[in-house]
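Visitor: coordinates only, sequence not included:
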């Protein structure tokens, strides 16, 4: 009995002869047959944005500037409902790094903490 149990748990197929991959595909087939996609899917505006994205065609060379702190505070207040203290907790470290001499932002992730 132990030998039979060991064989069933270590083999790639189940007692019925179906492999885990085959059972997975069987379950997914059942799921796919029950999937109901609405007639309005995808939404026309989403399809339009995906197939014909609006891009900036301005050929002017991009240059980095300094963030407008007052506008960032106003945006976070109006859009996110954050008070000045919440904004400062996140914004001050970024502004300190940006203000260091000889440093400039090369990538956005350079401002994130690494663990």
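Guide: Alright, I've got the coordinates. In this text the structure is predicted, and so the values were computed from the model without any measurement.

Visitor: Sketch out the low-pLDDT regions of the protein for me.
Guide: Within the chain, the ranges that satisfy pLDDT under 70 run 1-16, 100-106, 111, 113-115.

Visitor: Strands along that one, start to end?
Guide: For the chain, applying DSSP state E gives no strands.

Visitor: Could you find the closest non-adjacent residue to residue 72?
Guide: In space, and not counting its chain neighbours, residue 72 is closest to residue 91: 6.3 Å by CB to CB, 6 or more residues apart in numbering. Yep, even glycine has a C-beta here, placed from its N, CA and C like the rest.

Visitor: Please look at the one you found and residue 69 and confirm they touch.
Guide: Yes: Residue 91 lies in contact with residue 69 (CB atoms under 8 Å); the separation is 6.9 Å.

Visitor: if you count what's nearby, which of those two comes out ahead?
Guide: Higher neighbour count among residue 91 and residue 69: residue 91, with 16 against 13, using other CB atoms under 10 Å.

Visitor: how near is the closest residue to residue 95 other than its chain neighbours to residue 112?
Guide: Spatial nearest neighbour of residue 95, chain neighbours left out: residue 69 (6.9 Å); criterion: CB to CB, 6+ apart. Applying CB to CB, to the nearest Å, the value for residue 69 to residue 112 is 19 Å.

Visitor: Also residue 58?
Guide: Residue 58 is 29 Å from residue 112, by CB to CB.

Visitor: more neighbours, the two?
Guide: Using other CB under 10 Å as the criterion, residue 58 and residue 112 rank with residue 112 on top: 10 against 7.

Visitor: count of residues packed around residue 97?
Guide: Residue 97: 13 neighbours (other CB under 10 Å).

Visitor: can you tell me how far it sits from residue 82?
Guide: Residue 97 is 21 Å from residue 82, by CB to CB.

Visitor: hang on, the earlier thing: would you mind measuring from the residue nearest to residue 72 to residue 78?
Guide: From residue 91 to residue 78 the distance is 16 Å (CB to CB).

Visitor: Likewise for residue 89?
Guide: 18 Å.

Visitor: next one: residue 65
Guide: Counting by CB to CB, the gap from residue 65 to residue 78 is 22 Å.
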